Every structure is written in structure tokens, then in C-alpha cells.
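Visitor: build me a model from this:
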Amino acid sequence: AGAQKEDAPPNLKPIENLANAWLKRPELQHSLIGLEIMHIPSATVLFSHNGRRRFVPASTTKVFTTACAMDMLGPNYKYTTKLKVYGTIKNGHLDGSLFIEPSQDPTLSTEQLKQLLGSLRAKGLKSVEGKIDIVSIAGGGDRFATSWLAEDWGQDWMPVPSDLVIDDNTAHRDPARGYPLVSYANARDQNALVSSLLTSSQGPSWICFHPSSKTMQFWHPSGPAVGGQIVGNPAEYNLAIAESILKSMGIKVKGRQIPLSIMEKEPTTVFEMTTGTLSEIIRQCLKTSDNLYAQQLLRTLGTLPSVSRDVEKATLEERGIARINAWVTAMGVPSSELVLWDGCGLSRKNCFTPHALNMVHRHMAGAHLKSAYLDVMPLDGSEAKGSFNGTFRYKTGSMDSVRTISGVLITAAGEPLAVTIMINAHSPSIRELRSSMASLINHLQGLGSLRYEPVPVTPVVIKAKAPAAARIKKPVVRAKSAAPARTNRARRRRAH
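Guide: You can find the predicted model right below:
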């Protein structure tokens, strides 16, 4: 803690009275409560009730993911998806194959994919001897986390994360994309899990592209005409979209085997698709509590050089979590205060302390409370004459029996506080909790001066070890002429 003025001792009584009275509210008596209030400039904890105990956080997990991404990559970072050609285009024919090099961008749309592929028509391409595929990313692939619940499958709150994301990996309109539709109820690859999902009262809805039969296998309680199915195998499905787009442009993909002499040469990048800034993506992620965006940001962190050789062969998600852990530990937060299983908060196995969250807020707020990260957080209150006094920038989290809120609060006197409230094991109804938490926040916003001296915020520096192998794998040329079907490895649980 920073040095305090001898002639002006800290005035903690108002905060202590507010917090202690709040903890006695009847709607909180049968729940597990974590509360920490920190003075940001001095790093002094003004009040703590279970502040160093771990709680299930729900979507406040996104604070770690988004803040680390902005700190590591910068607010102006942009995703770039590339279209590459192996071989030579001559007389409208490509004697090789097409590859899309993904960037984990969560924002690409079908229209942008059309723009990417449209560059080929501009070059006069009429046919492709080989195939169209996705460049393999080390540790990437389609992945629905095993730490999520079965009831989260096929729901719009959690689409399947993947290297190439198109339309949020959700089939909103025209899910068939020109291919025959086959109901999953008639599919042959059913097991107990699939059978249970087909009869679930939760109403899951999904669609997968079956490469060998060139069909779309779907399940939706109301039939295929109703959009909104999540895409179960995004790599195959999005490639099917790409091939359908090429066909509509008059470009035929033959899918034949390409000689090693062509595939071993360096490819030519024919087009690059760059989307909005990272700050815009994080703003949207925090505003709508978008789970897919958060997972793609976590995977993006996983593409950076590994922080440990122990995770070099891990998945992108595992490497991203390792980076967040190293980043938070470098702030002085013990590793025992943070347990992460995903980047969005959907896993019930996530748990961390209110103190860990507040330390992240202090780091991201900076010495002068002017930071790109604070600018993208949702705001309670409004700026008046250049002052944010009485405002609260925050992130909430909620799921069954969990309600949390965490952010940076500026009191009426201009005192900056990091405030985190975490409530677990409450009754299913959260209306009373919302009112209760809002009451404490409103009273804190009205506080006067606390008289604390500031202490500088130390920048976080993480030394990354050089990766043992290139992050992007070279395309694999197989002996057989027909490309084998990929294994399905696997949208937003209301962890708002």
C-alpha cells in the first residue's frame, strides 16, 4: 500500500458501514458472498469479505480474456484472413489447390468470404484442379470444450469455436447452402448422447456438413425451415460454403490429387481480408457477453509464442489459458487465486477470487484512469463536462445460482475504486440480487474523498519462449485421390 498522509488518515468508515450493512440484507443470507473494494491508485484493499476466496465467476471470466488480449496485442490489432494459391493459374485454370489461412477472427461473414473468394474471379479463374481447404493451425481445429455441459450443445449462446469462423458459426439463413438436407433423426451415427439431445426439452438445434455424402445433416425441433442452427463441424461446413460460393461464381473445384512438386512450393497470397480493430471486437464481446468472441480471443492468445514449453503441443485454448495465468501472476496475483477452463465463463469449473479481478482492473485502468480497455467496457452513468465522477464501467456474469459484477467505479468525489461482487449458491431467481447489487454500487458511487496517496502501476512483462515448431502447418498431401472425411471434434450460454 502507498504512504498515507499523516495529517489526513484514510476515511474508511463510510465504506465499512455500507458494505457491512449490505452483507446483512436478507436475500443474501443463504448464499456464498465474495466482495472486495480496492482503491485503484494506492492498490489498497478498503474492504474485503471473502475477497481472497475463489468463486464461480460466469461471464466475468471475459475480463481476463479480453484484458489480456488487449494488453498483449494492442487495441488497434486487426485480424487478417488470407487466400493462398498453390500452383499456377494459366488460361483460367489452377493446376494446384486453394487454401484459406484463418486468423481466429470471430467476425467474418458470408459476404466477406464472397469478397475473399471473388478475388479469384477477378483473376479469370474458371477451374481448380485440386481442392479448397483450410491451412492447419497447430493446436487449432473445431473444439467444443469438454468442461461445458451437454445442455450447452446446439444452443445459440455457444457456437463451436474454430480456426475459420463464418457468420458466428451459426446457420441463420439458408442452412442447406444448396446441399440436400437430411434430418439427424435419420442419421446412422447416433449414440446415447445424440439420442438424448434429440429429445431434450432444452431444444438444441444444430447442422453438420457430411463430406462423403455431400449432405447437410440437421436437427431442429421445428424443422429445417427455421434458422438459427449452430454449426457442429465448422471447418467442413464453412469449406462447403466456400465451395458453393465458388460454384456460384462459375469456378469448378475438381478435388483431384495434386503432385508434391506443386504443393511443396511456397504458396502465393492472392487476397487478404482485414476486419475491424481489436478494441471494436472487445467492445462487442463485453456489451453482448458473446461467448464465441471470447473463445476466439482466447485461441488468438494461444497463437502467440508459448510462455512454457509444457504447453507447446497443447490446444490453442490451453496455450491461451497458460498465457493469461502468466499475465495475472506477473501482476502479483498468486496462481492459486485463478483457475480457468475456458475464456468465456461457460464452464462451471472456472473459479477465481474477487481480488484477482480487481488487480486486473487496476492494471488495465493505468495510472491516470485513461485506457483503451476502460473505454470499451459498458458504462453505468454518463460523462458530464469531462468528468466520469459517479460512473461505473463493469462486466456482469450470471448462470444458474451464480451472479457476479466487477468493474471500475468513480465516486462522486472522483475516487477510483475497483469493485467486485461475486455471489454463488443463490436461488434460481436473480431479481432480488440485481436490486441488491445495484444498491451497493449506487451507494459507492455517491461516496466522498477517501484520502489515499497513489502508488504507480507496474507494467506486466511476460517473457515468451520461442516455439519449437512453426505455428502454421504445411498442407498435408495424401496418397489417395479422395480426401478423407474429417473427424468432428468439436453459441452463447446466458453467462451474461
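Visitor: low-confidence stretches in the stretch 351-496 of the chain?
Guide: Counting by pLDDT under 70, the ranges of the stretch 351-496 of the chain that qualify are 381-388, 428-429, 451-458, 461-496.
Visitor: show me where it has strands.
Guide: 351-352, 379-380, 392-399, 402-410, 416-424 (DSSP state E, counting those that start in this stretch).
Visitor: roughly how far apart are Glu280 and Phe64?
Guide: Computed as Cβ to Cβ, to the nearest Å, the Glu280 to Phe64 distance reads 20 Å. Any C-beta I mention is one placed from the backbone N, CA and C, and that applies to glycine too.
Visitor: more neighbours, the two?
Guide: Phe64 (26 against 15; other Cβ atoms under 10 Å).
Visitor: give the contact list for the residue lying closest to His443 once chain neighbours are set aside.
Guide: Once its chain neighbours are removed from consideration, His443 has its nearest residue in Leu18; the separation is 5.1 Å (Cβ to Cβ, 6 or more residues apart in numbering). With contact set as Cβ atoms under 8 Å, 6 or more residues apart in numbering, Leu18 has these partners: 440, 443-444, 447.
Visitor: can you name the next helix or strand after the host helix or strand of Leu18?
Guide: Element membership of Leu18, judged by DSSP states H and E, is helix 13-23. Using DSSP H and E, the helix or strand that follows helix 13-23 towards the C-terminus is strand 32-39.
Visitor: got the angle for that next one vs helix 13-23?
Guide: Angle between the axes of strand 32-39 and helix 13-23 is 170 degrees (criterion: axes from the mean of the first three to the mean of the last three Cα atoms, to 10 degrees).
Visitor: may I have strand 32-39 as CSV, with CA atoms only?
Guide: What follows is the C-alpha trace of strand 32-39 in CSV, where atoms were taken according to Å, rounded to 0.1, in the frame of the first residue of the first chain:
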residue,chain,number,x,y,z
LEU,A,32,-21.9,-17.5,-0.6
ILE,A,33,-20.7,-13.9,-0.9
GLY,A,34,-17.4,-12.5,-2.1
LEU,A,35,-16.8,-8.8,-2.0
GLU,A,36,-13.7,-6.7,-2.4
ILE,A,37,-13.4,-2.9,-2.8
MET,A,38,-9.9,-1.6,-3.8
HIS,A,39,-8.6,1.9,-4.1
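Visitor: in its sheet, what does the helix or strand following it sit against?
Guide: Tracing the chain C-terminally past strand 32-39 and defining elements by DSSP H and E, one meets strand 44-49 next. Its sheet considered, strand 44-49 pairs with strand 32-39 (antiparallel) by DSSP bridges.
Visitor: ok, residues contacting the partner strand?
Guide: 15, 19, 22-23, 44-51, 53, 55, 353-355, 358-359, 361-362, 415-425, 444, 450, 452.
Visitor: taking strand 402-410 as reference, get the angle to it.
Guide: 10 degrees.
Visitor: quick check, Leu198 in contact with Ser183.
Guide: No: using Cβ atoms under 8 Å, Leu198 and Ser183 do not qualify as a contacting pair, with a distance of 9.5 Å.
Visitor: mind listing the shared neighbours of these two?
Guide: Residues within reach of Leu198 and of Ser183 at once, by Cβ under 8 Å, 6+ apart, are Trp219.
Visitor: more neighbours: the two, which one.
Guide: For Leu198 against Ser183, the residue with the higher neighbour count under other Cβ under 10 Å is Leu198, and the figures read 16 against 13.
Visitor: for that one, what are its contacts?
Guide: Applying Cβ under 8 Å, 6+ apart as the definition, the contact partners of Leu198 turn out to be 184-185, 190, 219.
Visitor: so Phe55 versus Lys62, what's the distance?
Guide: Relative to Lys62, Phe55 is positioned 15 Å away (Cβ to Cβ).
Visitor: those two: who's more crowded?
Guide: The residue with the greater number of neighbours, taking Phe55 and Lys62 and applying other Cβ under 10 Å, is Lys62; the counts read 28 against 25.
Visitor: who's in contact with Ile324?
Guide: Ile324 neighbours (Cβ under 8 Å, 6+ apart): 64-65, 68, 298, 301, 338, 340, 343.
Visitor: before we move on, which element is it in?
Guide: With DSSP H and E as criterion, Ile324 is part of helix 316-329.
Visitor: what about that helix, average pLDDT?
Guide: Averaging pLDDT along helix 316-329 yields 96.
Visitor: swap in stretch 240-248?
Guide: Predicted confidence along stretch 240-248 averages 96 (mean pLDDT).
Visitor: run through who's touching it.
Guide: Residues lying outside stretch 240-248 but in contact with it, judged by Cβ under 8 Å, 6+ apart, are 100, 110, 113-114, 117, 120, 128, 132, 166, 177-179, 209, 211, 216, 252-253.
Visitor: name the member of the contacts of Ile324 with the most neighbours.
Guide: Once you tally neighbours by other Cβ under 10 Å, Gly343 ends up highest among these, having 32 neighbours.
Visitor: in which helix or strand would I find the closest residue to Asn291 other than its chain neighbours?
Guide: Counting by Cβ to Cβ, 6+ apart, Cys344 is the residue found nearest to Asn291 once chain neighbours are left out, at 4.0 Å. Counting by DSSP H and E, no helix or strand carries Cys344.
Visitor: Cys344: what's it in contact with?
Guide: Applying Cβ under 8 Å, 6+ apart, we find Cys344 in contact with 59, 61-62, 65, 158, 291-292, 294-295, 298, 495.
Visitor: same thing but 7 Å
Guide: With contacts defined as Cβ atoms under 7 Å, 6 or more residues apart in numbering, Cys344 is in contact with 59, 61-62, 291, 294-295, 495.
Visitor: let's have the contacts of Ile324 in TSV, adding secondary structure.
Guide: Compiled in TSV, the contacts of Ile324 are given as follows (DSSP: H, G, I helix; E, B strand; the rest coil):
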residue	secondary structure
Phe64	helix
Thr65	helix
Cys68	helix
Leu298	helix
Leu301	helix
Leu338	strand
Leu340	coil
Gly343	coil
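Visitor: in TSV: the residues you listed, plus pLDDT.
Guide: TSV is the format used below for those (pLDDT from 0 to 100):
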residue	pLDDT
Phe64	98
Thr65	98
Cys68	98
Leu298	98
Leu301	97
Leu338	98
Leu340	98
Gly343	98
